[in-house]
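Here is my input; please provide its structure:
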Amino acid sequence: MMLLVTKERFEQLHPPTYSAANMISVQEVREFWAKVKPPESVASKEVDVEIRIDGKAFEITKGGRSGGFDLVAGMPAMIRLRNRDNVAHEFVSTMFRDIPFHISGNATMVRAGRASGVRLDPGQDVTLEFTVPIPESDAYGARESAYDIFYCNVHGKEHGDKMRGEMLVIETKGEIGGG
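Residues are numbered from 1 along each chain as shown. Okay, here's the model as predicted:
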């Protein structure tokens, strides 16, 4: 079996194929990949929301307001967590139970009842990348924005704790007008 790949097709390949290109002996292909900029690292990407954890409290330092943040349904999102406290903390939500997400950094996956998320040791930074879920349609086919909370399963279980916040998933394709 033989696979023919044109130069145009190589331009469409996903960046992890860079290492495979070094095994191909076609000089033109090697020269092409040598000129291609490598993928941007997660550390240098712009995040949508940044949360600093310190003093047993969540502080939203970017992309939100005191006590919460908004995400747009169906769009890619990045949340960076920075644990500056002297104890480990968790960042969990029921939203993360049902969606796949990518973790960059040193963290442990956790499940807390119906919620899922990550556990960060002191001094750790972690970035979560995911596509914001689209709220389910109601009986009439309309979609509305969804509300969820995030919390530390160790220090934020109770209402009024400083290690709790709210996420609003904004649906931009819902109905306009009234009934």
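
Do I have it right that residue 130 meets residue 71?
No - with contacts defined as C-beta atoms under 8 Å, residue 130 does not count as touching residue 71, sitting 9.4 Å away. The C-beta positions use only the backbone N, C-alpha and C, and glycine is treated the same way.

So between the two, which is more surrounded?
residue 71 (25 against 17; other C-beta atoms under 10 Å).

State the distance from the nearest residue to the more buried one once chain neighbours are set aside to residue 114.
Ranked by C-beta to C-beta, 6 or more residues apart in numbering and with sequence neighbours excluded, the top spatial neighbour of residue 71 is residue 132, at 4.5 Å. Taken as C-beta to C-beta, to the nearest Å, the spacing of residue 132 relative to residue 114 amounts to 19 Å.

What of residue 81?
Residue 81 sits 20 Å away from residue 114 when distances are taken as C-beta to C-beta.

So what sits opposite the closest residue to residue 153 other than its chain neighbours in the bridge?
The shortest distance from residue 153 to any residue other than its chain neighbours is 4.0 Å, reached at residue 112 (C-beta to C-beta, 6+ apart). With DSSP bridges as the criterion, residue 112 is bridged to residue 115.

tell me the contacts of residue 112?
Shown in contact with residue 112 (C-beta atoms under 8 Å, 6 or more residues apart in numbering): 90, 92, 153.

again with residue 73
Each residue near residue 73 by C-beta under 8 Å, 6+ apart is listed here: 132, 133, 134, 135, 143, 145, 146, 169, 170, 171, 172, 173.

that's a helix at the fifth one, yeah?
Think residue 143. No - secondary structure assignment places residue 143 outside any helix; it is coil (DSSP: H, G, I helix; E, B strand; the rest coil).

Count the residues that sit near it.
Using other C-beta under 10 Å, residue 143 is surrounded by 16 other residues.
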